[in-house]
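Undergrad: Predicted model follows, preceded by the sequence.
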Amino acid sequence: MNSNLLKKSDESSKHISLFAATALGIGGMMGAGLFSLLGTASAHAGTHIPLAFLIGAIAASFSVYSYAKLGATYPSSGGGATFTVMSFGDGLISGGLNIFQYIAYLIAAALYAAGFSEYANTMIGGKLSPLEVKVVGAVIVILCAGINLLGTRIVGRAETLAISFVTIALLLFSAGGIHVANLSHFEMSGWSINGIALAAGILYINYQGFGVITNSSNAMKRPQRELPLAMFTALGLVTIAYILVSTASVLLLTPAQFAQFNGHVLADAAQIVDGKLGLLIIGTSALLACAAALNATIFAASNIAADMATKRSISAMLGSTVLKTQTRALTISSIIVIALVIAFPLDVVGKMASLSFLLVYAAITFGHIQVRNKTGAKLWPLWTAITINLGLFITLFINVVESTPGSAIALTAALIGSFGLEALSRKYLVAKPGSTSH
């Protein structure tokens, strides 16, 4: 009877449409990074933020190629967690990478939740206390977890509705901003290769959401065709939106104003375009975008954890302890995200999230090289992805060590701890009778 119920449940949650999968990816990308990290990126790139976004998109495109090939060959709700096992085998490397990847998704989710609470506070005039801002972030995590419990189809519909509004609002803002901007007063700021690379690294978190699409690959009717199409379509649409929005922003605001309005640059730029109505529209868009990104990222993180727990060949540490079902995985994931929201400020979480995914995507793509005869991938895009991701990672990591060393220490500890936990679990848990979950 239980197996029949599970079968019916699987059937009811299966089949996510191409449009919904694309919306899921856009939702995972168009979040707090766009609305909250422009000021931080401008401190390094000045008026060249559109170029930094373009470089980030180029870097992401090679990783998208790798993930699309892997996802089409190994469709699974585990997404990247499955790719590591297929590439590196069932061992310490895949297990450690997957724990770290799981942590990376939770850090990104915390960024989106923090972005939501910051914009909510901005829209009501900054009346909330720091504690109340944290409470708002915790509440939105709980709400998004509830949506995810309703199943894949509901997640897809929620993403579609939210992202449709956000996309329209951002396109209107871009058109209006470029129209009202006084081009005769615009001055291009100075630039450096290192500064633009730093900005590209900071803004890279805006593209990490392409990975969440692979977590829905087993819910697609034809993943070999639909997955690559959904991933590249989402990346292309988001890149166009980022370049248009950032162009309008640099035409409306000076670098000094970017620094002054850090955390809510678009809201202040929108006021120049259309007063309080502009603030309301962009503020609402920020809330929806952050919620959609949070929703999609929790969806990916919980799927990774559940997949690891169910198959048990992916991570002994998470699979044999508390993450035994998708519901429990979602609950544990949400609790950790809430803890991160409470513990870290938005800008620190943003840099940590970008660093985490630059490293994860480089590692998974390196593993892809080992199985490219099965996926049919060409070698040069894979090596290009590895080189660009590691280059941006090193550039941003050096900056983080110099500016916020605590973040670098926390990230390094998370990476070392991931492999340490996996090593300990493989030594002490795997050999125990009855430890295998089914």
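TA: Received it, and whenever you're ready, just let me know what you need.

Undergrad: Count the neighbours of Val64 for me.
TA: Neighbours of Val64 under the rule other C-beta atoms under 10 Å: 26. C-betas here are computed from N, CA, C, even on glycine.

Undergrad: thought it was touching Phe210?
TA: Yes. Under the criterion of C-beta atoms under 8 Å, Val64 makes contact with Phe210 at 5.2 Å.

Undergrad: wait, what's in contact with Ala286?
TA: For Ala286, the contact set (C-beta atoms under 8 Å, 6 or more residues apart in numbering) comprises 35-36, 115-116, 119, 264, 266-267.

Undergrad: I meant to write His179 there.
TA: Listed by C-beta under 8 Å, 6+ apart, the contact set of His179 is empty.

Undergrad: What helix or strand is it located in?
TA: In this structure, His179 sits in helix 152-180 according to DSSP states H and E.

Undergrad: Which SSE is immediately downstream of that helix?
TA: Next helix or strand after helix 152-180 toward the C-terminus (DSSP H and E): helix 193-203.

Undergrad: Name the next helix or strand downstream of that next one, please.
TA: Once the chain leaves helix 193-203, the next helix or strand it forms, by DSSP H and E, is helix 210-214.

Undergrad: packing partners for that next one?
TA: With contacts defined as 3 or more C-beta pairs under 8 Å, 6 or more residues apart in numbering; DSSP states H and E, helix 210-214 has these neighbours: helix 18-29, helix 49-73, helix 80-88, helix 223-252, helix 265-311.

Undergrad: same thing but 6 Å
TA: Contact here means 3 or more C-beta pairs under 6 Å, 6 or more residues apart in numbering; DSSP states H and E; on that basis helix 210-214 packs against helix 18-29, helix 49-73, helix 223-252.

Undergrad: and for it, what are the contacting residues?
TA: 21, 24-25, 28, 64, 67, 71, 79-80, 230-231, 235, 296, 300 (C-beta atoms under 6 Å, 6 or more residues apart in numbering).

Undergrad: now that we have those, which one has the most neighbours?
TA: Per-residue neighbour counts (other C-beta under 10 Å) across the contacts of helix 210-214 peak at Ala296, which has 37 neighbours.

Undergrad: Verify the stated contact: that one with Thr22.
TA: No. When contacts are counted by C-beta atoms under 6 Å, Ala296 is not listed as touching Thr22 (11.6 Å).

Undergrad: Work out for me the element Asn389 sits within.
TA: Per DSSP H and E, Asn389 falls inside helix 379-403.

Undergrad: Tell me the first helix or strand C-terminal of that helix.
TA: Going down the chain from helix 379-403, the next helix or strand is helix 405-428, by DSSP H and E.

Undergrad: buried ones in that following helix?
TA: 407-408, 410-411, 414-415, 418-419, 421-422, 425-426 (16 or more other C-beta atoms under 10 Å).

Undergrad: Can you dump the C-alpha atoms of that helix in CSV for me?
TA: The C-alpha coordinates for helix 405-428 follow below in CSV (Å, rounded to 0.1, in the frame of the first residue of the first chain):
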residue,chain,number,x,y,z
PRO,A,405,38.8,37.7,6.6
GLY,A,406,36.1,36.1,8.8
SER,A,407,34.1,35.2,5.7
ALA,A,408,37.2,33.5,4.2
ILE,A,409,37.8,31.6,7.4
ALA,A,410,34.1,30.5,7.6
LEU,A,411,34.1,29.3,3.9
THR,A,412,37.4,27.5,4.3
ALA,A,413,36.1,25.8,7.5
ALA,A,414,32.9,24.8,5.6
LEU,A,415,35.0,23.2,2.8
ILE,A,416,37.4,21.4,5.1
GLY,A,417,34.5,20.4,7.4
SER,A,418,32.5,18.9,4.5
PHE,A,419,35.3,16.5,3.6
GLY,A,420,36.0,15.8,7.3
LEU,A,421,32.4,14.9,8.1
GLU,A,422,32.2,12.7,5.1
ALA,A,423,35.5,10.9,6.0
LEU,A,424,34.4,10.3,9.5
SER,A,425,31.0,9.0,8.4
ARG,A,426,32.5,6.7,5.9
LYS,A,427,34.8,5.3,8.6
TYR,A,428,32.3,4.9,11.4
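
Undergrad: can you state the direction angle for that helix and helix 379-403?
TA: 120 degrees (axes from the mean of the first three to the mean of the last three C-alpha atoms, to 10 degrees).

Undergrad: burial of the closest residue to Leu51 other than its chain neighbours, as a residue count?
TA: Leaving out its chain neighbours, the residue that sits closest to Leu51 by C-beta to C-beta, 6 or more residues apart in numbering is Ile196, at 6.0 Å. As a burial measure, Ile196 scores 21 neighbours (other C-beta under 10 Å).

Undergrad: Next: Phe357.
TA: 26.

Undergrad: which residues touch it?
TA: Per C-beta under 6 Å, 6+ apart, neighbours of Phe357: 104, 208.

Undergrad: do that again at 8 Å, thanks
TA: The neighbours of Phe357, taking C-beta under 8 Å, 6+ apart as the test, are 104, 108, 204-205, 208, 211.

Undergrad: which element is it on?
TA: With DSSP H and E as the criterion, Phe357 is inside helix 346-370.

Undergrad: What residues of that helix count as buried?
TA: 346-368.

Undergrad: repeat for stretch 192-208
TA: 195-208.

Undergrad: Check the model's average confidence along it for me.
TA: Stretch 192-208 comes out with an average pLDDT of 89.

Undergrad: Just the C-alpha atoms of it, please, in PDB.
TA: Coordinates of the C-alpha atoms in stretch 192-208 are reproduced here as PDB (Å, rounded to 0.1, in the frame of the first residue of the first chain):
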ATOM      1  CA  SER A 192      40.800  48.100 -14.100                       C
ATOM      2  CA  ILE A 193      40.800  44.500 -15.200                       C
ATOM      3  CA  ASN A 194      41.100  43.400 -11.500                       C
ATOM      4  CA  GLY A 195      38.200  45.700 -10.500                       C
ATOM      5  CA  ILE A 196      35.900  44.400 -13.200                       C
ATOM      6  CA  ALA A 197      36.900  40.800 -12.500                       C
ATOM      7  CA  LEU A 198      36.100  41.400  -8.800                       C
ATOM      8  CA  ALA A 199      32.700  42.800  -9.700                       C
ATOM      9  CA  ALA A 200      32.000  39.800 -12.000                       C
ATOM     10  CA  GLY A 201      32.900  37.500  -9.100                       C
ATOM     11  CA  ILE A 202      30.600  39.300  -6.700                       C
ATOM     12  CA  LEU A 203      27.800  39.300  -9.200                       C
ATOM     13  CA  TYR A 204      28.300  35.600 -10.200                       C
ATOM     14  CA  ILE A 205      25.800  34.600  -7.500                       C
ATOM     15  CA  ASN A 206      23.200  36.100  -9.900                       C
ATOM     16  CA  TYR A 207      23.800  33.200 -12.300                       C
ATOM     17  CA  GLN A 208      24.100  30.200  -9.900                       C
END
